[in-house]
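Trainee: Sequence first, then the predicted structure:
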Amino acid sequence: MDKQLEHIQFWCLLGFLQFAPLTVGFSFDIRYPRTLSVSDSEAAGSHFGYRVCQFGPAQGGSSVLVTAPFQDNRTGVVYRCSYDSGTCKALPVQVEPGVSLGLSLACNADRAMVCGPRQLHGCDTLNYLQGLCVELGPQLTVSQTLKPAFQECREFGLDAVILFDGSQSIITRDFVTMIDFIKNIIRMFTAPRAQVAVAQYSTDTSAVFHFEDFVSDPNPDNLMRSVDHFQEATYTPSAIRYVL
């Protein structure tokens, strides 16, 4: 009975191996590991070893590239390490502060590409996080710097129209409060290319002031000085079409 069970197990294993997809495996040398290191002051908080790859020919003369993307206040450093001695030396790659160079790394026999995604690029009041990649040649010198999907600064402005209800459903006290609220909003338009206009609607719609009025005098007290309360019916759809 035991022999019959062994035969069944053998043929099941043989059938599994016959139809199983090909795989590639590797193992770690836990008895004689090779250690690559830098000084404690450099390694502290730098994430040394975040990315590792072999650079150079597979047989002889190869180096190991190791990244430390958070070193130097998250600017990032790339090290060239000797497999034989275990010593590492920082490569003279200059990038802007805070890029986190080394969060991505790819190598082949004669070229390496190391990238960081945190290049801060300011456009007026907006800040963009850009990607930055550095290509290293056979001598591990910078051959080119790439900025994939770089966001250029473009001229843009902000045109805003405030449309408020001046119908008879708004009592006088609330109307005064609303005018003060609109004045406070107007005071927020301080950017160089930002402008605002205001319109009141009821049965009809009328502009309180236009964009060019704001440009010539952005003082909200002057712009909203002569605002009459219409106190008629409420025609909201036609008011929206007016400001569009």
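Mentor: The structure has been received and is ready for your questions.

Trainee: Need the residues that contact stretch 198-212.
Mentor: For stretch 198-212, the surrounding residues in contact (C-beta atoms under 8 Å, 6 or more residues apart in numbering) are 159, 161-168, 182, 186, 195-197, 223-224, 227, 230-236, 238-239, 242-243. All C-beta atoms are positioned from the backbone trio N, CA, C, and that covers glycine.

Trainee: cool, and stretch 43-62?
Mentor: Stretch 43-62 has contacts (C-beta under 8 Å, 6+ apart) with 36-38, 42, 63-71, 77, 79-80, 83, 102-107, 109-110, 112, 114, 140.

Trainee: how about that stretch: buried residues?
Mentor: Using 16 or more other C-beta atoms under 10 Å as the test for burial, stretch 43-62 gives 46, 47, 48, 50, 51, 53, 55, 56.

Trainee: before we move on, the earlier item: quick one, which of the contacts of stretch 198-212 are buried?
Mentor: Using 16+ other C-beta under 10 Å, the buried ones in those are 163-167, 182, 186, 195-197, 223-224, 227, 230, 235, 239, 242.

Trainee: Where helices are concerned, which of the residues you listed count?
Mentor: 182, 186, 223, 239, 242 (DSSP state H).

Trainee: Doesn't residue 212 belong to a helix?
Mentor: Yes - counting by DSSP: H, G, I helix; E, B strand; the rest coil, residue 212 is located in a helix.

Trainee: So it versus residue 223, what's the distance?
Mentor: Separation of residue 212 from residue 223 (C-beta to C-beta, to the nearest Å) stands at 12 Å.

Trainee: what does residue 41 give?
Mentor: According to C-beta to C-beta, residue 41 stands 60 Å off from residue 223.

Trainee: cool, and residue 68?
Mentor: Distance of residue 68 to residue 223, given as C-beta to C-beta: 56 Å.

Trainee: Quick check: which element contains residue 88?
Mentor: Element membership of residue 88, judged by DSSP states H and E, is strand 88-90.

Trainee: by contact count, what packs against that strand?
Mentor: With contacts taken as 3 or more C-beta pairs under 8 Å, 6 or more residues apart in numbering; DSSP states H and E, strand 88-90 sits against strand 77-82.

Trainee: Could you double-check that residue 163 sits in contact with residue 244?
Mentor: No - between residue 163 and residue 244 there is no contact under C-beta atoms under 8 Å: 9.9 Å.

Trainee: ok, residue 74 touching residue 98?
Mentor: Yes - contact between residue 74 and residue 98 holds when scored by C-beta under 8 Å: they sit 5.3 Å apart.

Trainee: shared neighbours of those two, anything?
Mentor: Residues within reach of residue 74 and of residue 98 at once, by C-beta under 8 Å, 6+ apart, are residue 118.

Trainee: Show residues contacting the strand holding residue 88.
Mentor: 36, 37, 38, 42, 66, 77, 78, 79, 80, 81, 82.

Trainee: May I have the secondary structure class of the fourth one?
Mentor: Three-state secondary structure (criterion: three-state DSSP) places residue 42 in helix.

Trainee: Just give me the neighbour total for it.
Mentor: By other C-beta atoms under 10 Å, 17 other residues sit near residue 42.

Trainee: confidence score at it?
Mentor: In this model, residue 42 is scored at 77, pLDDT.

Trainee: Likewise for the second one?
Mentor: Each residue has a pLDDT score; the one for residue 37 is 79.

Trainee: and it, what are its phi and psi?
Mentor: Per-residue torsions, residue 37: phi -150, psi 160 (degrees, to the nearest 10).
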